[in-house]
Structure formats: C-alpha cells, structure tokens
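Peer 1: pasting the sequence and the predicted coordinates here, then a few questions.
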Amino acid sequence: MEDVQNYTPKVAVHIDRVGVRELKLPLLVRDRAQVSQQTVASVDLGVDLPSAFKGTHMSRFVEALDDWNGEIGYQSVHSLLKNVKKRLGAQRAYARFSFPYFIQKAAPATGSKSTVSYECQLTGELDEAGQSFLLEVGVPVMTVCPCSKAISREGAHSQRAIVRLSVRMTTFSWLEEFIEIAEESGSSAVYTLLKRDDEKYVTEHAFAHPVFVEDVVRNVAQRLSARDNVEWFSVEVESMESIHNHNAFARIERDLRSEDI
C-alpha cells in the first residue's frame, strides 16, 4: 500500500517532536512501603522527524507501548524508548508518564490511617548521548502566614499551598523522599482523614511553624541541593491565599553541576 508518510513534505523543516498523547494504561511504580503499587498512567510518546519525511507512523507508538512491560524503572523505560526509536527510525525518543501515586498516611495524633494521592510525572528521553530522567511531583502542604501571626491579637491566616518539584537524578530515589522534603518544608502536611485530636495537633503544629512561600521554596531547595544524586532541580511553591484575591508563588531553579545554591 502507498505510504504517504514517507513522501517529501512541501515545507522541508525538521520537527523536534511528534507523536501521540494521553494513551491510558496500567502502570507499576516502585513503592517504598510495599515494593510496588499499581496505578493508571496517561502516556505521551514522541520522536524527532527529519525534514525529508512528511509524517510519522502513529500506530507504531501504540505497538511499542503494547509490547512494553508497564513498569517504571531505568532499564524498562530505556527498553521502551529504544524500541520507539527503532520502530520509527528516529534519533531521539521521549516518553512521559503522568499518574497518581498513593501513600497511606497515619494521622499525627490518633494514628488513623488514610490514603493521600500525589500527582506525578516521569519523563524519559533517549538520544545518541544517552538517557535522562525528569521526575515531577506536586505536594499539597499547609502554610501559616508569619506576618499575619505577628500582627494579630488572635490567630493568623492559613491556607493550602502546592509544592511542585522537578528533579533530574543520577541514581534512583524513592518518590516518598521528595514528598517528605516538601511536606516538612511547610507549616504542616495535609491529610485525608483527621479526627478532632488530629485537627488540634495539626493546627497547633502549623501555627507554631509559620512560613512564607519564600521560606518553603528555600527550605526545599536547600534540602535538594544537599542530595548527592540530584544534578538539577526546580521547585515552585504556590499559595492559594485565604484572605487575598490572588495567589502567591516563589520559584528556585538550580543546575548543581555548575552552580552553588
């Protein structure tokens, strides 16, 4: 049959990335507490396309994914990307997995257990120079405003904030380690299930540890920069302000191969 994709395009320009998005599949992720956990991922796959070709072969991405073992890991993702490159005749291939990650957390006072979900993304890229991994995770925390606490006779305004981490690593780390860094950098972690004793503990603990978004982003950046296996990171903290009609944010990005924090 005629293969139109292999025709020469009218506009002969190299395309950096072309592929498919939002393919859904079950995914196995390494879990510190239970060795692994099953989740569901939305997957993007792509390759570069030389200027000599009119289009890529979309079905081959799906075939490569169907042949894959569905497990997140350096070797398994490398195998997927290598297969994609081979099937598409590409120089570069990438895969991005977006998925919820679940951790069972105990409430701080009663120990009542419940599950908290965290939105994660892992992007793998493979080219002639080798393979790279980018881990991204969003972590909700609670913050209490230091200024509000200092000037108020009673109380202070508090709100939920999101810590968004992006990390390039040289060796494996548990997702839980980065989630803990984010949660310990705010005024308090947040929970799915809290009894009254737990609410009392969380509130008092948070008000004893007030932080601005600037404090949170610096706390996270300091701890990431101290890790031997992190070579680059960005961290952004966004506070959904409870008494202002706007959000507040702060961001730090560092290449630890060439910079000091």
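Peer 2: Happy to help now that I have it. Just so we're clear, the structure is a prediction, and the values are computed from it rather than from any experiment. Numbers count the residues shown, from 1 in each chain.

Peer 1: next, the buried residues of stretch 68-78.
Peer 2: For stretch 68-78, the neighbour count (16 or more other C-beta atoms under 10 Å) marks 68, 70, 72, 77 as buried. Placement of C-beta: from N, CA and C, glycine included.

Peer 1: just the ones of those residues in helices?
Peer 2: residue 77 (DSSP state H).

Peer 1: and which of the buried residues of stretch 68-78 is nearest residue 187?
Peer 2: Checking the buried residues of stretch 68-78 against residue 187 by C-beta to C-beta gives residue 72 as the nearest, at 31.6 Å.

Peer 1: work out for me the element the nearest residue to that closest one once chain neighbours are set aside sits within.
Peer 2: Closest residue in space to residue 72, ignoring its immediate chain neighbours: residue 29 at 5.0 Å, by C-beta to C-beta, 6 or more residues apart in numbering. Using DSSP states H and E, residue 29 maps to strand 15-31.

Peer 1: one more: residue 64?
Peer 2: Going by DSSP H and E, residue 64 is part of helix 58-67.

Peer 1: gap between the closest residue to residue 170 other than its chain neighbours and residue 173?
Peer 2: Distances taken as C-beta to C-beta, 6+ apart put residue 229 closest to residue 170, at 5.0 Å, once the chain neighbours are dropped. Distance, residue 229 to residue 173, using C-beta to C-beta, to the nearest Å: 6 Å.

Peer 1: so for those two, which residue has more residues nearby?
Peer 2: Neighbours were counted for residue 229 and for residue 173 using other C-beta atoms under 10 Å; residue 173 has more, 15 against 11.

Peer 1: list the contacts for the more buried one?
Peer 2: 227, 229 (C-beta atoms under 8 Å, 6 or more residues apart in numbering).

Peer 1: check residue 103 too.
Peer 2: Contacts of residue 103 by C-beta under 8 Å, 6+ apart are 33, 115, 116, 118, 176, 179.

Peer 1: tell me the buried residues within those.
Peer 2: 116, 118, 179.

Peer 1: tell me which element the last one is part of?
Peer 2: Per DSSP H and E: residue 179 is located in helix 175-185.

Peer 1: so after that helix, what's the next helix or strand?
Peer 2: Counting by DSSP H and E, what follows helix 175-185 is strand 188-189.

Peer 1: give the pairing partners of that following strand; include direction for each.
Peer 2: Sheet partners assigned to strand 188-189 using DSSP bridges are listed as strand 130-144 (antiparallel).

Peer 1: quick one: low-confidence ranges for the stretch 51-200 of the chain?
Peer 2: 51-55 (pLDDT under 70).

Peer 1: recalculate using a threshold of 80.
Peer 2: By pLDDT under 80, the weakly predicted segments of the stretch 51-200 of the chain are 51-56.

Peer 1: what is the nearest of the buried ones among the contacts of residue 103 to residue 200?
Peer 2: residue 116 (19.8 Å).

Peer 1: who touches residue 20 in this structure?
Peer 2: Contacts of residue 20 (C-beta under 8 Å, 6+ apart): 44, 45, 46, 58, 61, 62.

Peer 1: hey, where'd the strands end up in the chain?
Peer 2: 15-31, 35-49, 93-106, 113-127, 130-144, 158-169, 188-189, 230-239, 248-255 (DSSP state E).

Peer 1: who's in contact with the shortest one?
Peer 2: Outside of strand 188-189, the residues that reach it under the criterion C-beta under 8 Å, 6+ apart are 105, 141, 142, 183, 202, 205, 206, 209.

Peer 1: ok, now how distant is the fourth one from residue 235?
Peer 2: Separation of residue 183 from residue 235 (C-beta to C-beta): 13 Å.

Peer 1: do you know how far the residue nearest the centre of the chain is from residue 123?
Peer 2: Centroid-nearest residue in the chain, with C-alpha atoms, centre = their mean: residue 136, separated by 1.7 Å. Distance, residue 136 to residue 123, by C-beta to C-beta: 8 Å.

Peer 1: ditto for residue 76
Peer 2: Taken as C-beta to C-beta, the span from residue 76 to residue 123 is 15 Å.
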